[in-house]
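> coords below, sequence missing:
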């Protein structure tokens, strides 16, 4: 690859490239939309750096901290809610500072494309007193990553690198640079900086307050913060993706574009505010910049005209700032198309059995969250990674053993290893009753098929010992552990019925790979109109490949069917037939 | 050059990502500033998906907003209807004449609208093709998106060489020939 050429890159790809060019030596992450692809792109540079999938974001961040202490540039990557999992090390490494540069990449999800909440990482970072850089496009994503490592080492601060879905999953033109070979910094034992016990941490707190002040002062002149003076009637302070919307909507306005959103460049902001007639602050999600700017006695217009929810757009800014009536046609009223489980998904079969038994489901984070929507509608709760098992336990302790026999917890293999294992230990330890379904599809599904500790392969493609999930459950003291094929409805119903009746902890592992994993030729089924009694049994699991013809008989879409055979098993009239055998 | 706004809409899993990347690669090779915006994660699982491609002299935002699309490529009829208000007055709408029922329709909670293409033709310049059936004739129903793209190419300013070039660079090695064939079918289709 020629190293001076311009290429088009996804935001996440540019972040990976920036890390590579910055001389990063260690990266650790847990997949989470919209951050996942950073690691998937980073692995192409594995000759020059090490990168891994860790079981969760706390572990990943601690891996990165270790590498930084050892003297190399290191990073961890996660989605916004993953930063909550990593909060424990993040808050304290803030006190420690760094040896090798340390960057925690955190991707927010305004608009909740693929998340359970809309939290603003800048708030978390402020609470942890961590400085934050935020780019506005792919090109900046790459350059700011390099800056983040430079600044991290210069000011002895770990940096948060904040992106959002729109930046992470947009492509833009990037100019490639060379990798900077950064010499390892020597490790010198200094427990005042690396052992965070009270006496040391107390002094470090004083030290980092000082460092943050220095950084805030430097922020006034850092190149990542930029004043673009134009017409002074309207002045806008903005950062990240909203900067692009401002440029579209208000091309004449003066703009103070912030690349560092914590700490804020106070002097620069004061100077900018004094030059413009009306000052607007345009930031998606929380009024993080606005509240600080107002606390300095500067008048500004912000969240009274801009929402704290969802993504912004140029049209939205035109309406809010210019009061423009936009001539936009009303969208047609059409049926919604929510995401659903794929045709042939093993979760559909498991949920069908659970629904048939009339059980409630304490759910978790993954594709199987989609069991909450019609027609399956089996999932009762979804909170955060691992919460299915622990909330099931809480219900049992609240309402008793008999009550919990109407419930199961459902959690995926990757999510189980992320944090679910802790919750299961808790059930065993506290003499719980309850049945846990581990929907083991041999991958991290929703984020697009990443390996994990039970798949036998690492991010770098090396073979690895695969954790035996049933063995692991037994080892921590679960006596009743069963493995069932997700498409064996009879066995599935029997074992769930038996185990939910038991006064103990049971784990049922439904072991069938994600249908999208295999590249083998899939079988194909067809529905014969002359045999179809229109009873609708085969439609109950809600497979999107099944539709009704005008006369009410069933039709199977041959471009979507993956040949799982669930519909055939449910048809009592032999109307569904295998027409093409597959490789399975 | 004024920024050209293209949208690709469809159902998660239909290959909108690959199509937008072909367009992105095409515009980059043409020396334009390019931005495109994709959908990953949960929404990819059979949901309604939309990707944006913008290219020209200088592109700021990576999304196309309501009333701004020059070309709207729809891989499914209902999705064409859902996003038609994103078109400019003189925008071009290219529809794969194919139906995929969304879950509310599958379970009988909603009706799939009748006469979508006729409705849209009243207000827009509409070109349709049953690309899914056409691609089955080529032996691979998954290359239908290249047929649709071939029609879109009739309304864009790139040469066939440029299209072939980007197809070769973007699709998996083994499928280059069939994808080029599919593109040709669309490119020479009079609709």
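Arrived safely. No experiment lies behind these values; they were computed from the predicted model shown.

> so where's the stretch 1-150 of chain A uncertain?
Scanning the stretch 1-150 of chain A for pLDDT under 70 picks out A:1-4.

> quickly list what the spatially most central residue of chain B is bridged to.
For chain B, the residue nearest the mean C-alpha position is residue B:73 (3.3 Å; CA atoms, centre = their mean). Note on residue B:73: beta-bridge partners residue B:8, residue B:94, judged by DSSP bridges.

> who's in contact with it?
B:6, B:7, B:8, B:9, B:19, B:94, B:148, B:149, B:152 (CB atoms under 8 Å, 6 or more residues apart in numbering or on different chains). To be clear about C-beta, it is placed using only N, CA and C from the backbone, and glycine gets the same treatment.

> what residues does the stretch 301-450 of chain A put near chain B?
A:313-315, A:326-332, A:334-342, A:367, A:369-370, A:373-375, A:446-448 (CB under 8 Å from any CB of the partner chain).

> pLDDT weak spots in the chain?
By default, I'm working from chain A. In chain A (pLDDT under 70), the answer is A:1-4, A:583-584.

> the intended chain is chain B.
B:41-43, B:191.

> all helices for chain B, in order.
B:16-29, B:77-83, B:103-106, B:116-123, B:131-138, B:144-153, B:160-170, B:176-187 (DSSP state H).

> and the last one, what's buried?
The reference is to helix B:176-187. B:178, B:179, B:180, B:181, B:182, B:183, B:184, B:185, B:186, B:187 (16 or more other CB atoms under 10 Å in any protein chain shown).

> kindly report the same for stretch A:421-440.
A:421, A:423-424, A:427, A:432-440.

> okay, how far is it across it, tip to tip?
The first and last residues of stretch A:421-440 sit 14 Å apart, counting by CA to CA, to the nearest Å.

> what's the spacing between that stretch and its chain's center?
Counting by CA atoms, centre = their mean, to the nearest Å, stretch A:421-440 is centred 24 Å from the centre of its parent chain.

> from what I see, residue B:49 and residue B:7 are in contact.
No: using CB atoms under 8 Å, residue B:49 is not in contact with residue B:7; the gap is 10.9 Å.

> ok, the closest residue to residue A:18 other than its chain neighbours - contacts?
In this structure, residue A:18 finds its nearest non-sequential neighbour in residue A:145, 2.8 Å apart by CB to CB, 6 or more residues apart in numbering or on different chains. By CB under 8 Å, 6+ apart, the contact set of residue A:145 is A:14, A:15, A:17, A:18, A:19, A:21, A:22, A:103, A:161.

> mind running it again at 7 Å?
Residues near residue A:145 by CB atoms under 7 Å, 6 or more residues apart in numbering or on different chains: A:15, A:18, A:19, A:22, A:161.

> would you turn those into JSON lines with secondary structure and neighbour count?
Shown next, in JSON lines, are these (DSSP: H, G, I helix; E, B strand; the rest coil; neighbours: other CB atoms under 10 Å in any protein chain shown):
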{"residue": "A:15", "secondary structure": "helix", "neighbour count": "33"}
{"residue": "A:18", "secondary structure": "helix", "neighbour count": "30"}
{"residue": "A:19", "secondary structure": "helix", "neighbour count": "32"}
{"residue": "A:22", "secondary structure": "coil", "neighbour count": "24"}
{"residue": "A:161", "secondary structure": "strand", "neighbour count": "29"}
